[in-house]
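>>> Can you look at this prediction? I've put the sequence above it.
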Amino acid sequence: MDDAFLSFAVQKLGDFLIEQVSLHKNLRNEIEWLRNELLFIQSFLKDAELKQCVDHRVQQWVFEINTIANDAVAILETYTFEADKGASCLKACACICRKEKKFYNVLEEIQSLKQRILDISRKRETYGITNINSNAGEGPSNQVTTLRRTTSYVDDQDYIFVGLQDVVQTLLAQLLKAEPRRTVLSIYGMGGLGKTTLARKLYKNPNIASSFSTRAWICVSQEYNTMDLLKTIIKSIQGRTKGTLGLLETMTEGDLEVHLRDLLKERKYLVVVDDVWQREAWESLKRAFPDSKNGSRVIITTRKEDVAERADNRGFVHKIRFLSQEESWDLFCRKIVDVRAMVPAMESLAKDMVEKCRGLPLAIVVLSGLLSHRVGMGKWQEVKDQLWKNIIEDKFIEISCILSLSYNDLSTVLKQCFLYFGIFPEDQVLEAENIIRLWMAEGFVPNGEERMEDVAEGFLNELIRRSLVQVVDTFWEKVTECRVHDLLRDLAIQKASDTNLFDIYHPRKHSKSSSCIRLALNGQGERYHSLDLSNLKLRSIMFFDPVFPNVFQHIDVFQHIYVLYLHIKGGGAIPDAIGSLYHLKLLNLSGINDLPSSIGNLKNLQTLVVSEGRYFIILPRKTADLINLRHLVARYSKPLVRISKLTSLQVLKGVGCDQWKDVDPIDLVNLRELSMFDIINSYSLNNISSLKNLSTLKLICGEGQSFPSLEFVNCCEKLQKLWLEGRIVKLPDLFPNSITMMVLRFSVLTEDPMPILGMLPNLRNLYLVAAYEGEEIMCSDNNFSQLEFLSLYDLENLERWNLGTSAMPLIKGLSIHNCPNLKEIPERTKDAELLKR
């Protein structure tokens, strides 16, 4: 596949030459040469992609091309920004003719790129890279379209438990046994055996959920901070309210420990302490877990036997085992995309390879993901031959060999997407939306006929199908949270280092590549006082440290960045200088109270996310000048009355009804997702019907409020996902037939909603949470013809559920919680899988 960076750069150079008709002749000639040379180099990428797996020089060559492509786009964006500040394009070009410094530099920088490309061409000949691109006419957008349309996410989070059901039952019995003393259950074993997944299976078990009123989960990892771990547990128990967040920031480690003990001492709790590497980590936490003799439990996962054995002298220790040959083959077959396509000879090949995985689940599922994308006997034989080169004395395949081979099988664009996971801290659970937005901002996602968001989602699903990315949570048939296994993260960091894709700064090692264009900073802020960023041309900088000191003292070296990802402790304001970062495509902020009006200068900004602050964000009116903004996620407190100017907007989350009521959304033609809160009955929501492409709508009433009329919903002809949270006096008689997912929360309906909802011809998922006060629901014949999943929560008065003989013919998942008077479910639904809450 053509490299995404290079394709994007060639397109931008061509568009620039068309748009800037009055360019100085010398500059036009240089840009035309640059575009033609990049287009020529593009034809050699397929051969380079094949060779870079075995030749790191070629891998570096591809990286240098990407860097040049990035630099070319940045130079054009700089020119366009400066030109827009003039009265006209002609005036800007006249500035170049007069060789004013800011424009003369553009010509100098283009000429510098020219010298770098000449060097690239010489290296291409030295490395023997040839033109083997027989599909030159097939652009990257066509290929990614094919990728996305043939890739769908399959919810298979339980794959790891092939053959281990007995283990789950044994550990459940230990957690639920009548032992009042607080005990620790330790799970240990080598990486890739499924310790975390096993712990998550226990954590989400319905019996556990109902037995432990308080549950919390923390990941410790190799580099941990006890204060952060304590805060995470407290926030998961108390919630992220303004009061809680403010209080935690004032506490010492001792205060946090006492506060957590006080929270837990009257509760029966279960806490999972995942990925413990040192005994000291557990020792620093266990004092905060009181033993109130009420049956509380702690689960620890670790690779270290001594950590497991010494966590609790009277606790239960389980060493997770390898799979047997039969279980390994069963797991492989469950994960292979089309097991029916295996002819006997292919099956024999696969069994040989699976046997050499020595029962390690991670190795098996990654192997199956790799073979699923290799078609035919010959391709499978190639995989076996490559793996067998690394087997010594007929023993097992090292898992690192399987992971590397699976990585090498990825296209260039998918390699970049996978490696990007390595930039995040170890064990971090990532929001899928966040990953997708970052990929877009970094230029990994080609801008073609399909929405970039849809293409990026296809990339994520592809990595999941290959078992290179693990699913943590899903909702509405989409992945919402994901993570990478530690071993795969290690691989991503190693490969990223080889190609200079990113660098992770380690204060103790003081390591930082001078050619680094993406930099992540983890750890404790006080260690960074001597950090010098002045010699770097950074494109992305990500601070995963809430106490980083004086972040914006480095604003001058941020001039070329596309991504600025910050989390600042205790709230703060952004300086006016941020308006000079005109290449910025993604700005993700946490703990920020205020934004300056200069933010309106960020004409290239695609994503603005402000979250987890203690207060509402104040968005200046100039935010409405962000003409390329696609995602605005911020709870803001002042009306942004000109929001309709944001015609590129795809996602708007966090807008209050007060901010929306005066908006004329007629020009928001691209808006696909809207999330609104603090709705009250006196406001009209009818203007939402103007959003002709809206597919997801989430509306939340203010406390104690009820919805105004919801008849407008029927005019949203493309609406697929609808979430209504708050009292509904009367359900609309009609909803659009396009709806596939629906949530009704705290609706407190007095009339049975099922006759109306059952008529929706495409409804597949329905969640009713405290939505109905009646005693009976009626699902008549032929209703809910496509419904697959039904969840009934907190319907405390419900006694009877009548189901017609032809209703819900496709039901396969059912979840019922806190419906105490419902004594029986219809006979036909008893075969449906009982879903976790």
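Great, that's in hand.
>>> Roughly how far does the closest residue to R451 other than its chain neighbours sit from N681?
Residue nearest to R451 in three dimensions, not counting chain neighbours: Q650, with 7.4 Å by CB to CB, 6 or more residues apart in numbering. C-betas here are computed from N, CA, C, even on glycine. Separation of Q650 from N681 (CB to CB, to the nearest Å) stands at 30 Å.
>>> now the residue nearest to R451: how far from T607?
10 Å.
>>> again with R287
From R287 to T607 the distance is 42 Å (CB to CB).
>>> Which one of the two is surrounded by more residues?
Using other CB atoms under 10 Å as the criterion, R287 and T607 rank with T607 on top: 24 against 12.
>>> May I ask you to confirm that the more buried one is in contact with L587?
Yes. Counting by CB atoms under 8 Å, T607 touches L587, with 7.0 Å between them.
>>> one step back: between Q650 and T607, what contacts are shared?
Shared contacts of Q650 and T607, defined by CB atoms under 8 Å, 6 or more residues apart in numbering, comprise R630, H631.
>>> Spatially central, which residue of the chain would that be?
Centroid-nearest residue in the chain, with CA atoms, centre = their mean: A432, separated by 2.1 Å.
>>> wait, what's in contact with it?
E457, L460, K478, V479, T480, E481, C482.
>>> now I680
With contact set as CB under 8 Å, 6+ apart, I680 has these partners: C657, C701, G702, Q705, P708.
>>> Now the two most distant members of the residues you listed.
Largest separation among the contacts of I680 by CB to CB: G702 and P708, giving 11.9 Å.
>>> Residues in contact with both of these two, list them for me.
I679, I680.
>>> if we take the contacts of I680, which one ends up nearest to S213?
Checking the contacts of I680 against S213 with CB to CB, the nearest one is C701 at 27.4 Å.
>>> Figure out the helix or strand that L460 lives in.
Following DSSP states H and E, the helix or strand that holds L460 is helix 452-465.
>>> Oops, could you answer that again for L367 instead?
Following DSSP H and E, one finds L367 within helix 361-372.
>>> Can you give me the buried ones in the helix or strand that that helix is followed by?
Remark: after helix 361-372, the chain's next helix or strand is helix 377-388, criterion DSSP H and E. By neighbour count with 16 or more other CB atoms under 10 Å, helix 377-388 contains the buried residues W380, V383, Q386, L387.
>>> Helix 377-388: what's the following helix or strand?
Sequence order places helix 399-408 as the next helix or strand after helix 377-388, per DSSP H and E.
>>> Can you show me the CA trace of the helix or strand harbouring L27 as CSV?
Applying DSSP H and E as the criterion places L27 in helix 25-42. Provided in CSV are the C-alpha atoms of helix 25-42 (Å, rounded to 0.1, in the frame of the first residue of the first chain):
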residue,chain,number,x,y,z
LYS,A,25,8.0,31.5,-10.6
ASN,A,26,11.0,30.2,-8.7
LEU,A,27,8.9,28.9,-5.8
ARG,A,28,6.4,27.3,-8.2
ASN,A,29,9.1,25.5,-10.1
GLU,A,30,10.7,24.2,-6.9
ILE,A,31,7.3,22.9,-5.6
GLU,A,32,6.5,21.3,-9.0
TRP,A,33,9.9,19.5,-8.9
LEU,A,34,9.2,18.4,-5.3
ARG,A,35,5.8,17.0,-6.2
ASN,A,36,7.1,15.1,-9.2
GLU,A,37,10.0,13.6,-7.4
LEU,A,38,7.8,12.5,-4.5
LEU,A,39,5.4,11.0,-7.0
PHE,A,40,8.3,9.1,-8.6
ILE,A,41,9.6,7.8,-5.3
GLN,A,42,6.1,6.6,-4.5
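>>> ok, and what's touching that helix?
By CB under 8 Å, 6+ apart, helix 25-42 touches 2-3, 6-7, 9-10, 13-14, 16-17, 23, 65, 68-69, 72, 96, 106-107, 110-111, 113-114, 117, 120-121, 124, 133.
>>> filter these to the buried ones?
Buried subset of these (neighbour count, 16+ other CB under 10 Å): 2-3, 6-7, 9-10, 13, 16, 23, 65, 68-69, 72, 96, 106-107, 110, 113, 117, 120, 124.
>>> quick one, helices of the stretch 551-700 of the chain?
For the stretch 551-700 of the chain, the helices defined by DSSP state H, counting those that start in this stretch cover 657-660.
>>> Extract the residue ranges of it that are flagged as low pLDDT.
551-554, 556, 567-573, 612-615, 637, 639-641 (pLDDT under 70).
>>> neighbours around the closest residue to C716 other than its chain neighbours, how many?
Spatial nearest neighbour of C716, excluding adjacent residues (CB to CB, 6+ apart): L694 at 5.3 Å. Neighbours of L694 under the rule other CB under 10 Å: 24.
>>> How much space separates L694 from V62?
For L694, the distance to V62 - CB to CB - is 40 Å.
>>> One more: G376?
27 Å.
>>> more neighbours, these two?
Per other CB under 10 Å, whichever of G376 and V62 has more neighbours is V62, with 22 against 11.
>>> In three-state terms, how would that one be classified?
For V62, the assignment made with DSSP: H, G, I helix; E, B strand; the rest coil gives helix.
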